[in-house]
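Visitor: would you be able to build a 3D model of this:
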Amino acid sequence: MEINWQSEVEKRKEDILDDLFTILRIDSVRDDAKATAEMPVGPGPKEALEAFLAIGERDGFLTKNVGNLAGHIEYGEGEELMGVFGHVDVVPTGSGWDTDPFEPVIKDDRIYARGSSDDKGPSMAGYYAIKIIRDLGLPISKRVRMIIGTDEESSWKCMDHYLAHEETPDFGFSPDADFPIINGEKGNQSLYIQFRGDNKGGKNQLLSFDAGLRENMVPQDATAVFTSEEADVIEKAFFEFVENNPVTGTIHVEGEQVTIELVGKSSHGMNPAGGINAGTYLAVFLNHYQFGGDAAKFLQLITDYIHLEHTAEKLGLAHTDEVMGELTMNAGIFTFTPEKGGNIALNFRYPTGVTAEGLEIKTEAALSEFGVTIARSDGKLPHYVPADDPLVKTLLDVYEKHTGLKGHERSIGGGTYGRLLERGVAYGALFPDSIDTMHQANEFLALDDLFRATAIYADAIYELIK
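Guide: Residues are numbered from 1 along each chain as shown. Predicted coordinates for the structure are as follows:
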C-alpha cells in the first residue's frame, strides 16, 4: 500500500500547531535556584514534560513520567525497541527578541519562539509521526517510544536518570539537528580557567566583568564595571572601537566609575564563528588600558588566546579529522570580581584523534605564564555510526524519496541524544536550505520544514518498525 505521508500530515496541521504552541508557551529553561526533589531541574522543564506526556495520554498512548526528568510515549508490540529522542528544555532567551520568546507567533510562514527549532518543534514532529502510523493502523513488528528529556541543554541529567531506570532502545534517532543525517558527533568537553581576584596596581580597577549565559552559546552581551583615572580618554576611545568592530554598545561614566555594555551576536556553541563574542571584544578593548594583578592577566589571556580563536590554534589544540572535521572552541562564560576572582568557560567540540585529557594538559601548558588553575568537566566522547549501517541507509533512502536530494553522511560539533545509543543518529529537522537560528534571538522554525519533517519521520519510523 502506497501511503501519501504528506497528505496525512496536511490533515493534522492545525492539531500539530495547537499542541506545539502549548509546549512553546512554557518557559522551560533549567532553573537550579528553584530546583527541588520533585522538580530536579526547575519548574519549567517539569511543566513542559508533563504537558507533552499529557498530549500522548489524551491521544490514547501508553505514557510514563520517569522522575520528572524524562518520560516516554510508547506504541506497538515486539521485542525490539526504537527510540525517538527529543527534549523540551531550552537555552536562556538572552536579549534582542522582537517578540515574546514564550508567546509563539506565526509571521512570514515561520513560528517564532524559543524552542521552535531546538527542540520542541522537531519533537512534536516526531510525536505526530508516531501518531500517524498508529492512526492508520499500519502493521508493525517493533515498539517505538517518543522519549522526552528535560536537561539536554545542560548536563543530560535527564537521560542519565532515564536510561538507569528504563529499557535502552536498540536503535533510534534524535530530531535535533539537520537533514540528511548526522551519524557522527564530535566529543564535547568544557575547561574552566580560574584566576585569583587580585586587582591592585594600574590606573584602572576592574570591579566586575560578566558575559555569557551558557557554555554552549556564544555570548551576545557583556558588561564591565571599573574605576578609572582616565575615564574621559576611555570614553572617547570606546566610540571609535564600536565604530570599527562588529559590535554595538554603551558607556556610562559617573565620576571615576565606568560601566560598559557591549552587544554582539549569539550562536550555538558548536559554531562559534557564526556568532560575535561580546565577551572577547570587551576584553580586547579594556586590554588597551592599564589594569593590575589578576584582572590584567584575565584581559590579556582573553585577548591573546581566545579572541577570534575558533579552532584554538594559539592554545596548540588545532586538529582536523577527515570524517569529523576540525576541533572548535567556544568561550561561553566570562566572570570576574575581586572577591571571587575570574573564570572563563571554554567549550570544545573535538573529533577523533583528540582526548579530553590532552585538551587539559595542552591548555595548562600554553597558559602557564598566567598562573591560572584549569578544571575539567565531565564530557562526552566522539560518536560515529558507520554509513553502511542499515539504520543510516534507511533514513537516507527516505530523505532522498521525499526531497529528491542526494543523501550523505555528516558529522557535527553539536551533541544530540543520538549519541546515547550505539546505533543512534540525529535526523533533521533542519533542511539544507533552512536558516539555523538555534540558540539565537528570534529563533524560528519554518512551517514548511515542520510539516515536511513530520512526513519524513512518519515514513522513516514505519520503515524501521514494520
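
Visitor: where exactly do the helices run in this structure?
Guide: For the chain, the helices defined by DSSP state H cover 5-11, 13-24, 43-58, 120-135, 157-165, 231-243, 278-286, 293-301, 356-366, 390-403, 447-465.

Visitor: for the shortest one, name the packing helices and strands.
Guide: In terms of contacts (3 or more C-beta pairs under 8 Å, 6 or more residues apart in numbering; DSSP states H and E), helix 5-11 is packed against helix 120-135, helix 447-465. The way it works is simple: take the backbone N, C-alpha and C, and place the C-beta from them, glycine included.

Visitor: tell me which residues of the last one come out buried.
Guide: Which is helix 447-465. In terms of neighbour count (16 or more other C-beta atoms under 10 Å), helix 447-465 has its buried residues at 447, 449-462, 464-465.

Visitor: spatially nearest residue to Phe209 (excluding sequence neighbours)?
Guide: Spatially, and ignoring its direct neighbours in sequence, Phe209 is nearest to Phe336 (4.0 Å; C-beta to C-beta, 6 or more residues apart in numbering).

Visitor: how about the one you found, what does it touch?
Guide: By C-beta atoms under 8 Å, 6 or more residues apart in numbering, the contact list for Phe336 reads 195, 197, 206, 208-210, 295, 298, 342-343.

Visitor: now the helices of the chain as TSV including mean pLDDT and distance to Leu327?
Guide: As requested, those are exported to TSV (pLDDT from 0 to 100; distance: least, C-beta to C-beta, whole Å):
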stretch	mean pLDDT	distance to Leu327
helix 5-11	98	39
helix 13-24	99	34
helix 43-58	99	31
helix 120-135	99	27
helix 157-165	98	25
helix 231-243	97	30
helix 278-286	99	18
helix 293-301	97	19
helix 356-366	97	9
helix 390-403	98	24
helix 447-465	99	30
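
Visitor: mind checking the ones you listed for the one nearest to Ile181?
Guide: helix 390-403 (5.5 Å; C-beta to C-beta).

Visitor: gap between the closest one and the chain center?
Guide: Taking the mean of its C-alpha atoms, helix 390-403 sits 25 Å from the chain's own mean (C-alpha atoms, centre = their mean, to the nearest Å).

Visitor: same check, this time on stretch 218-228
Guide: Distance of stretch 218-228 from the chain centroid (C-alpha atoms, centre = their mean) equals 23 Å.

Visitor: stretch 307-321 too?
Guide: Distance, stretch centre to chain centre, for stretch 307-321: 21 Å (C-alpha atoms, centre = their mean).

Visitor: I'd like the mean pLDDT over that stretch, please.
Guide: The average pLDDT for stretch 307-321 rounds to 98.

Visitor: using CSV, write out every CA atom in it.
Guide: The C-alpha trace of stretch 307-321 is given here as CSV (Å, rounded to 0.1, in the frame of the first residue of the first chain):
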residue,chain,number,x,y,z
HIS,A,307,39.5,36.3,20.8
LEU,A,308,38.6,35.1,17.3
GLU,A,309,40.3,31.8,18.2
HIS,A,310,37.6,29.4,17.0
THR,A,311,39.9,26.5,16.4
ALA,A,312,42.1,27.0,19.4
GLU,A,313,45.3,27.3,17.3
LYS,A,314,47.1,29.5,19.8
LEU,A,315,46.5,27.0,22.6
GLY,A,316,48.1,24.4,20.4
LEU,A,317,44.9,22.4,20.1
ALA,A,318,44.0,22.7,16.4
HIS,A,319,43.2,19.4,14.9
THR,A,320,41.2,18.1,11.9
ASP,A,321,39.8,14.6,11.3
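
Visitor: which other residues reach it?
Guide: Residues from elsewhere that reach stretch 307-321 (C-beta under 8 Å, 6+ apart): 272-273, 277, 280-281, 283-284, 304-305, 326-330, 348, 350-354, 359, 362-363, 365-367.

Visitor: one more time with 6 Å, if that's ok
Guide: For stretch 307-321, the surrounding residues in contact (C-beta atoms under 6 Å, 6 or more residues apart in numbering) are 272-273, 280, 284, 305, 326-329, 351-354, 362-363, 366.

Visitor: just the buried members of the residues you listed?
Guide: Buried members of these, scored by 16+ other C-beta under 10 Å, are 272, 280, 284, 305, 326-329, 351-352, 354, 363, 366.

Visitor: okay, among those, which ones form the most distant pair?
Guide: Val284 and Thr352 (33.3 Å).

Visitor: domain parsing for the protein?
Guide: The chain is divided into the following domains under automatic domain parsing: 5-185+382-465, 188-376.

Visitor: as CSV, the buried ones among the contacts of stretch 307-321 with distance to Ser266 would be great.
Guide: Formatted as CSV, the buried ones among the contacts of stretch 307-321 follow (distance: C-beta to C-beta, whole Å):
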residue, distance to Ser266
Pro272, 11
Thr280, 13
Val284, 18
Tyr305, 22
Glu326, 21
Leu327, 21
Thr328, 16
Met329, 16
Pro351, 24
Thr352, 29
Val354, 26
Thr363, 24
Ala366, 27
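
Visitor: re the thing from before, farthest-apart pair in the contacts of stretch 307-321, please.
Guide: Using C-beta to C-beta, these span at most 33.3 Å, a distance reached by Val284 and Thr352.

Visitor: how about Lys401: what's its closest non-neighbour residue?
Guide: In space, Lys401 is closest to Asp459, 7.3 Å off (C-beta to C-beta, 6+ apart).

Visitor: quick one: that neighbour and Asp397 touch, right?
Guide: No - using C-beta atoms under 6 Å, Asp459 makes no contact with Asp397, being 9.6 Å away.

Visitor: show me the shaky parts of the stretch 101-250 of the chain.
Guide: Along the stretch 101-250 of the chain, the model assigns pLDDT under 70 to no residue.

Visitor: so which residues of the stretch 201-350 of the chain form strands?
Guide: 204-211, 221-228, 248-254, 257-263, 320-321, 325-326, 328-337, 341-350 (DSSP state E, counting those that start in this stretch).

Visitor: contacts only, for the closest residue to Lys157 other than its chain neighbours.
Guide: Computed as C-beta to C-beta, 6+ apart, the closest residue to Lys157 that is not its neighbour in sequence is Asp151, at 4.6 Å. By C-beta under 6 Å, 6+ apart, the residues touching Asp151 are 41, 89, 157-158.

Visitor: most neighbours among those residues, which one is it?
Guide: Highest neighbour count within these, by other C-beta atoms under 10 Å: Cys158, with 29 neighbours.
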